[in-house]
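1. Dropping the sequence and predicted coords here.
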Amino acid sequence: MSPSAGAAAWPSRAKPPSRRGIQAALASAAALFLGSTLAGAFFLWAIHADPRQATPFTLGQYGYYCGHRTEVRRRFLGSTALALAFVAIGAGAGLLPPRRSLHGDARFASRAEIAAAGLFGSDGIILGRRGRRCLMLAGQQGVALAAPPRAGKGTGVVVPNALNWPGSLVCVDIKRENWTITAGFRASAGQACYLFDPFAEDGRTARWNPFSYVSGDPKRRLNDLQRIAEMLYPDPPNVDPFWTASARSLFLGIALYLFETPSLPNTIGEVLRQGMASDDEGFGQHWKRLIEGRNSGSRPLSSQCVRALYDVIDLAPVTASSIRKTFTSRLDLWLNPILDAATAESDFDLRELRKKPMSIYVGVNPDDLHRLRPVLNLFFQQAIGLQTRELP
């Protein structure tokens with residue numbers, strides 16, 4: 001991709017066809033000149049003359065005046081063959097591929113190459129610095145950064161970009177350092193700044209409810225909930241997909257039940273509570289009684305909701321119990337009332353990220369990263385998915 005499109009591509013070392021043709025013509029002329037001179041030198045040496053007097057025309061002159069003599073003709077042919085052999089050996093050596101460097105040929109780009117790649121611009125992602133000038137990657141390109149702990153990734157790259165980037169920002173903020181250093185500056189520049197800290201014990205967190213992005217239109221609601229179920233219950237490799245597929249059906253059925261029951265909150269925490277509810281006759285009978293009660297009243301459940309629930313509660317009790325365990329295993333984080341409260345409402349709208357300047361910091365403690373993986377995966381998959389549904 002060309003530098004104008006934002007890609008840092010160094011100038012190509014490949015030669016254009018016209019230049020290769022000129023070089024081939026020059027090499028052929030040089031080979032003809034050298035071969036003729038060598039043949040003349042060999043001929044003069046064979047007749048005991050001074051080979052240093054040879055020119056490209058020596059062999060032709062002797063052939064013209066003395067070519068009728070058998071001895072001269074023999075020496076003529078021998079000198080020509082020997083000269084052709086030397087030229088062929090030299091040409092073959094020149095056509096051999098260059099030897100690879102033992103340790104490779106990697107090098108740092110020169111200042112001219114950096115400028116040609118468009119990295120001395122004024123907009124984009126800050127990559128580093130050359131002298132007093134910042135290296136900026138413009139366009140829509142992505143950047144991957146890897147370095148060991150305490151190598152300066154945050155202070156050297158993340159913080160400068162958070163202070164310089166004029167558009168919206170979503171940042172995983174380990175220990176909330178980026179929020180502390182950059183949020184005030186971004187807020188003073190007109191950004192709406194939010195810290196989503198799902199395990200904030202003091203409750204000081206912006207809230208995010210993934211169900212806020214489920215359509216109110218019943219025809220589109222099913223598709224939105226299926227997306228969330230797929231994010232929460234992906235099919236693991238080399239495992240029978242029956243269990244995760246059934247857990248998705250149970251999640252879908254309960255979520256639809258919540259959306260079709262105005263008295264209940266539309267949250268993942270409530271999905272978990274409803275999924276763990278039962279009575280003396282068991283989980284399956286509990287839901288069958290709820291379905292029958294709703295269908296006999298004025299607000300019957302949708303056919304999609306009923307089918308998704310019956311997909312599980314009609315199974316044998318042992319099988320249904322295993323599915324229920326798979327279902328709750330991905331949601332047991334929502335037993336924590338702090339996370340349940342942090343995902344009960346939405347204080348920001350991920351759909352507005354490309355429409356107005358907004359900064360969202362996702363605060364996570366290092367020792368919570370692993371167990372928060374389902375929440376983080378759902379958050380970022382939803383954030384990215386919402387940005388790709390429409391062209392900017």
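-> Now that the structure is in, tell me what you want to look at. Residues are numbered from 1 along each chain as shown.

2. From here on, just use CA atoms for contacts and neighbour counts.
-> OK.

3. The residue lying closest to residue 145 once chain neighbours are set aside and residue 40, how far apart?
-> Closest residue to residue 145 apart from its sequence neighbours, by C-alpha to C-alpha, 6 or more residues apart in numbering: residue 153 at 7.8 Å. From residue 153 across to residue 40, the span is 69 Å (C-alpha to C-alpha, to the nearest Å).

4. Of those two, which one has the most company?
-> In terms of neighbours (other C-alpha atoms under 10 Å), residue 40 is the more surrounded of residue 153 and residue 40; the figures are 28 against 14.

5. Just want the phi and psi numbers for residue 194.
-> phi -130, psi 140 (degrees, to the nearest 10).

6. Tell me if I'm right that it and residue 206 touch.
-> Yes. Under the criterion of C-alpha atoms under 8 Å, residue 194 is in contact with residue 206, at a separation of 5.9 Å.

7. what is in contact with those two at once?
-> Common contact partners of residue 194 and residue 206 (C-alpha atoms under 8 Å, 6 or more residues apart in numbering): residue 348.

8. which helix is the longest one in this protein?
-> helix 17-46 (DSSP state H).

9. which residues of the stretch 101-250 of the chain fall in helices?
-> With helices called from DSSP state H, counting those that start in this stretch, the stretch 101-250 of the chain shows them at 111-116, 153, 159-164, 177-188, 218-232, 242-259.

10. can you tell me which of these comes nearest to residue 46?
-> Nearest to residue 46, of all the helices of the stretch 101-250 of the chain, is helix 111-116, at 55.4 Å by C-alpha to C-alpha.

11. State the mean pLDDT of the closest one.
-> Over the span of helix 111-116, the pLDDT mean works out to 88.

12. Please export the C-alpha coordinates of it as PDB.
-> Provided in PDB are the C-alpha atoms of helix 111-116 (Å, rounded to 0.1, in the frame of the first residue of the first chain):
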ATOM      1  CA  ARG A 111      15.600   9.700   7.300                       C
ATOM      2  CA  ALA A 112      14.800   9.900   3.500                       C
ATOM      3  CA  GLU A 113      13.000   6.500   3.600                       C
ATOM      4  CA  ILE A 114      11.000   7.500   6.700                       C
ATOM      5  CA  ALA A 115      10.000  10.800   4.900                       C
ATOM      6  CA  ALA A 116       9.000   8.900   1.800                       C
END
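
13. List the buried residues for that helix?
-> Using 16 or more other C-alpha atoms under 10 Å as the test for burial, helix 111-116 gives 114, 115, 116.

14. With distance to residue 252 as new columns, can those residues be given to me in JSON lines?
-> Formatted as JSON lines, the buried residues of helix 111-116 follow (distance: C-alpha to C-alpha, whole Å):
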{"residue": "114", "distance to residue 252": "52"}
{"residue": "115", "distance to residue 252": "54"}
{"residue": "116", "distance to residue 252": "53"}
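
15. from those, which is closest to residue 314?
-> Proximity of these to residue 314 was ranked by C-alpha to C-alpha; the top entry is residue 114 with 65.7 Å.

16. Excluding residues flanking it in the chain, which one is nearest the closest one?
-> By the measure of C-alpha to C-alpha, 6+ apart, the closest residue to residue 114 outside its immediate chain neighbours is residue 120, 7.1 Å from it.

17. re the thing from before, mind checking which of the helices of the stretch 101-250 of the chain is nearest residue 385?
-> Evaluated with C-alpha to C-alpha, the helices of the stretch 101-250 of the chain place helix 218-232 nearest to residue 385, the distance being 9.7 Å.

18. between the closest one and helix 242-259, how big is the angle?
-> Between helix 218-232 and helix 242-259, the angle comes out at 140 degrees (axes from the mean of the first three to the mean of the last three C-alpha atoms, to 10 degrees).

19. Could you list the buried residues of helix 218-232?
-> Of the residues in helix 218-232, those buried by neighbour count under the rule 16+ other C-alpha under 10 Å are 222, 225, 226, 227, 228, 229, 230, 231, 232.
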